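Trainee: build me a model from this:
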Amino acid sequence: MKTHHFKSVLCFVLMLLFSVLSFGQSKAKTVVITLIVDPSELGDEPNDPKGLSFFEIDPGATEVIYKMDPKDFTVTVDKGTKIKWQGITTTGENVRILKIQYKSGVDTFNDKNIRRCLFGKRVRKTTKRSTGEGYYVYQIKFRPKGKKRFFLDPKIRVE
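Mentor: Sure, this is the predicted structure:
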């Protein structure tokens, strides 16, 4: 009798645990921002990389305000959105996103330096607060394989 009762309680607890976990995961929206780089055209100036094709985002995940020049790339997301930055070359190799560093505006992440995981090639962080009418201006530090480090200063607006 005790064994049957124990199994029933265990099943109930496991179902409750799985339902809570699945609800918690479905709430957070994720936006992936991909930096596309042409390594043959990068040039020598780390603060003005020439070989950037563009930034790319998940289709329909967010609103791009300005996409013509990668240095002026601006994207709008909702508060609580997880943003993942990743990079790839036009030849299909990974580009390491080394760090996202706060420069000016509203610090929506509450973190001045967002670093990648120890062996990771991406950086990710969840927005904590709205920027209002302003922007979160940041510097993205990246490194294509076999090249030196480069920097860009895009923006994020969080509603």
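
Trainee: contact partners for the residue positioned nearest the centre of the chain?
Mentor: Geometric centre of the chain, nearest residue: Lys84, 2.0 Å, by Cα atoms, centre = their mean. When contacts are counted by Cβ atoms under 8 Å, 6 or more residues apart in numbering, Lys84 is found next to 30-33, 122-124. No exception for glycine: its C-beta is placed from N, CA and C like everyone else's.

Trainee: also Leu98?
Mentor: Leu98 neighbours (Cβ under 8 Å, 6+ apart): 115-116, 123, 141-143, 149.

Trainee: tell me where the protein has strands.
Mentor: 30-37, 52-57, 63-66, 74-77, 82-89, 94-105, 113-115, 123-126, 136-144, 150-152, 155-158 (DSSP state E).

Trainee: so which of the ones you listed gets nearest Pro46?
Mentor: strand 150-152 (5.1 Å; Cβ to Cβ).

Trainee: list the neighbouring strands of the closest one plus their orientation.
Mentor: strand 136-144 (antiparallel) (DSSP bridges).

Trainee: list the buried residues in the strand it pairs with.
Mentor: 136-138, 140-144 (16 or more other Cβ atoms under 10 Å).

Trainee: Ile97 - how many residues pack around it?
Mentor: When counting by other Cβ atoms under 10 Å, one arrives at 25 neighbours for Ile97.

Trainee: return the distance of it relative to Glu159.
Mentor: 24 Å (Cβ to Cβ, to the nearest Å).

Trainee: where in this structure is pLDDT low?
Mentor: Applying pLDDT under 70 to the chain flags residues 1-28, 51-54, 59-69, 71, 118-119.

Trainee: change it to 90
Mentor: For the chain, applying pLDDT under 90 flags the ranges 1-78, 86-92, 94-95, 110-111, 113, 115-123, 132-134, 143-157, 159.

Trainee: which residues touch Ile97?
Mentor: 35, 85-87, 116, 121-123, 140-142.

Trainee: ok, these vs Lys155, which is closest?
Mentor: For these, the nearest to Lys155 is Ile140 (10.9 Å; Cβ to Cβ).

Trainee: what about the residue nearest to that closest one when sequence neighbours are not counted, how many neighbours?
Mentor: Among residues not flanking Ile140 along the chain, Leu152 sits closest, at 5.0 Å (Cβ to Cβ, 6 or more residues apart in numbering). By the measure other Cβ under 10 Å, the count of residues near Leu152 is 20.
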